[in-house]
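Novice: Give me a model of this one.
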Amino acid sequence: DEQGVPTTTTTLSVAADTVKTGENIEGLTAIIGKTMANLTKTMKSSKDGAGILAFDSTARMLRGAISDALVQPQSGNTGKYSSLTMIGIGQDRYGAMTFDKDEFAAALAADKDGVMDLITGTDGLAARFKTMTDDYTLTEGFLTSRKTMYDARSEDIKKAIEKMEERVLSYEKRIKHQFAQLEMMVSGLSQQSAALSSLR
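Specialist: So this is what the prediction gives:
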């Protein structure tokens, strides 16, 4: 009113956006699924050939770590939902990432705090993958060390190729010189033969 006293009351309700939460989790699982699909593709091995990481121990270890992170029960969790597979997050029999939106939505409606703890709590999905990412990508991480090894190996191969090219060029130069000498000898012999023929 004129004195600044409120004349109406407004009620504000704050609630979790379960649809947006589901979309965010689906996006996260899609990223994990993309990583798993890439590992499966590059590690594939058959009688017709093998992927570039088919026999790489670090790739095999990473794939196993991701699978374990998805199926292992949350440490210390005694609630209704203690593992990601119980809320629609897991893998199919081929190892591909799966996310059941309906199952996740139902679990979220039944126990929002318990479900979110599985995602963001101690030993939850986010914490597990943060730890895993650090283990593999930091300075002394598994992938970092592996990359350093492959970089060094690549540099050694590059140097070996350069030395081989130098030897090939040197050999080519020597062969050309020998060929030139032979041509001179043949030319000289031809001249001698012509001179001898003129003496007959």
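Novice: So Arg146 versus Arg60, what's the distance?
Specialist: As for Arg146, its distance to Arg60 is 12 Å (criterion: CB to CB, to the nearest Å). C-betas here are computed from N, CA, C, even on glycine.
Novice: what do you get for Phe179?
Specialist: 54 Å.
Novice: okay, the two: which has more neighbours?
Specialist: When Phe179 and Arg60 are compared for neighbours, Arg60 comes out ahead with 14 against 10, by other CB atoms under 10 Å.
Novice: and the more buried one, what element?
Specialist: helix 57-71 (DSSP states H and E).
Novice: After that helix, which helix or strand is next?
Specialist: By DSSP H and E, the next helix or strand past helix 57-71 is strand 89-91.
Novice: For Gly49, give me phi and psi.
Specialist: Backbone torsions for Gly49, taken as degrees, to the nearest 10, come to phi 160, psi -180.
Novice: give me the beta-bridge partners of it?
Specialist: Legend: beta-bridge partners of Gly49 under DSSP bridges are Ser46.
Novice: check contacts around Ser13.
Specialist: Ser13 makes contact with no residue under the criterion CB atoms under 8 Å, 6 or more residues apart in numbering.
Novice: before we move on, which element is Lys176 in?
Specialist: Assessed by DSSP H and E, Lys176 sits inside helix 142-198.
Novice: which helices and strands sit right next to that helix?
Specialist: Applying 3 or more CB pairs under 8 Å, 6 or more residues apart in numbering; DSSP states H and E, we find helix 142-198 packed against helix 57-71, helix 125-137.
Novice: Any idea which of these gets closest to Tyr94?
Specialist: Tyr94 sits nearest to helix 57-71 of all the helices and strands packed on helix 142-198, at 11.8 Å, using CB to CB.
Novice: got the angle for that closest one vs helix 125-137?
Specialist: Using axes from the mean of the first three to the mean of the last three CA atoms, to 10 degrees, one finds that helix 57-71 and helix 125-137 are set 170 degrees apart in direction.
Novice: buried residues in helix 57-71?
Specialist: By 16 or more other CB atoms under 10 Å, the buried positions in helix 57-71 come out as 58-59, 62-63, 65-66, 69-70.
Novice: Equivalent analysis for stretch 127-138, please.
Specialist: Buried residues in stretch 127-138, counting neighbours by 16+ other CB under 10 Å, are found at 128-129, 132, 136.
Novice: contacting residues around that stretch?
Specialist: For stretch 127-138, contacts defined as CB under 8 Å, 6+ apart pick out 32, 62, 65-66, 69, 120-121, 141-144.
Novice: Can I get it in PDB, CA atoms only?
Specialist: This file holds the C-alpha atoms of stretch 127-138, laid out as PDB (Å, rounded to 0.1, in the frame of the first residue of the first chain):
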ATOM      1  CA  ALA A 127      33.300 -39.300  -7.700                       C
ATOM      2  CA  ARG A 128      34.300 -42.700  -9.200                       C
ATOM      3  CA  PHE A 129      34.800 -41.200 -12.600                       C
ATOM      4  CA  LYS A 130      36.600 -38.200 -11.300                       C
ATOM      5  CA  THR A 131      39.100 -40.400  -9.500                       C
ATOM      6  CA  MET A 132      39.400 -42.700 -12.500                       C
ATOM      7  CA  THR A 133      40.000 -39.700 -14.800                       C
ATOM      8  CA  ASP A 134      42.800 -38.400 -12.500                       C
ATOM      9  CA  ASP A 135      44.300 -41.900 -12.300                       C
ATOM     10  CA  TYR A 136      44.600 -42.100 -16.100                       C
ATOM     11  CA  THR A 137      45.200 -38.500 -17.200                       C
ATOM     12  CA  LEU A 138      47.300 -36.700 -14.600                       C
END
